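In: Based on what follows, work out the 3D shape:
(one chain, ligands or ions: 1)
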Amino acid sequence: MTEMTPEKAAQLRAPFAPEQIGKLPKPTKRDNEKGKCSVCGGYHGLPAVHLDYVGHAATTDRLLQVDPDWTWAPMAYGEDGLPKLDAHGGLWIWLTVCGIQRPGYGDSTAGKGMKELIGDAIRNAAMRFGVALDLWAKEDLSPKEEPEQESERKPERQRSTSQRRRREREAAEEHDDWHPNPAQLRRFHAIRNEHGISETEAKTLMSKLVGKHSTRELTKAEYDSMCDAMEHWSTEPGDGDE
Ligand SMILES: [Zn+2]
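Out: Prediction:
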């Protein structure tokens with residue numbers, strides 16, 4: 001078996017070649033009118049920002065290069081023996097690379113088929129190994145659904161400046177200034193208790209899933225994925241069957 005070494009970890013995290021990086025359009029608002037995009041050539045809501053991303057094929061290629069024996073498994077199986085989706089239609093998996101197992105989640109944005117869910121979950125888990133991490137970090141800073149009202153009818157140049165400012169502000173909220181408030185901490189522990197998760201187990205999960213050691217250090221996205229992960233705890237992550 002290939003073992004995780006600092007060299008392997010660095011290979012996983014190595015930057016991708018420009019031709020392996022795709023452009024993912026994110027309309028600034030869900031109901032933006034669709035049109036032909038001059039940036040990516042696609043047909044989607046405009047205006048939009050474009051995020052760099054590494055697709056399933058390039059991610060798989062990277063995993064194979066680093067560890068030909070990499071593998072993944074769903075966290076839960078249904079009665080028919082097939083991977084079981086969560087209540088939101090998402091797929092939780094364990095990804096094993098160089099003997100190390102980390103969780104990943106494929107989210108069920110409208111109408112995604114199983115193959116896309118699997119690809120999504122693998123990309124998400126691979127990110128926990130550092131694969132395309134720099135690009136994911138940018139994706140986390142993407143604009144949310146409601147842009148500032150004042151940016152609505154401004155010329156293109158001013159609009160993109162205000163979009164950039166908003167991204168910067170959201171980045172600050174997301175990564176520095178945001179901390180779970182007391183109600184959110186209560187919710188966190190309520191979910192934990194409800195699913196019979198001990199504090200130690202929650203800490204282990206937190207360090208595996210987001211690399212943090214205290215709920216107070218969580219960003220909004222990390223807080224959300226922890227709550228999600230705990231809500232699915234009853235599905236018994238397949239840690240013990242090695
Ligand atoms: Zn585009």
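
In: Contacts only, for the nearest residue to Thr71 once chain neighbours are set aside.
Out: Leaving aside its sequence neighbours, Thr71 sits nearest to Thr96 (Cβ to Cβ, 6 or more residues apart in numbering; 5.1 Å). Backbone N, C-alpha and C define where each C-beta goes, glycine included. Thr96 is in contact with 70-73, counting by Cβ atoms under 8 Å, 6 or more residues apart in numbering.

In: just the buried members of these?
Out: Among the contacts of Thr96, the ones that count as buried by 16 or more other Cβ atoms under 10 Å are 70, 72.

In: got the contacts of Thr96 as JSON lines, with distance to Ile118 columns?
Out: Listed next are the contacts of Thr96 as JSON lines, based on distance: Cβ to Cβ, whole Å:
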{"residue": "Trp70", "distance to Ile118": "14"}
{"residue": "Thr71", "distance to Ile118": "12"}
{"residue": "Trp72", "distance to Ile118": "8"}
{"residue": "Ala73", "distance to Ile118": "11"}
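
In: Can you tell me which of the contacts of Thr96 is nearest the ion?
Out: Trp72 (30.5 Å; Cβ to the ion).

In: right, and the secondary structure at the closest one would be what?
Out: strand (DSSP: H, G, I helix; E, B strand; the rest coil).

In: Can you give me the distance of it to Glu3?
Out: Here Trp72 is placed at a distance of 19 Å from Glu3 (Cβ to Cβ, to the nearest Å).
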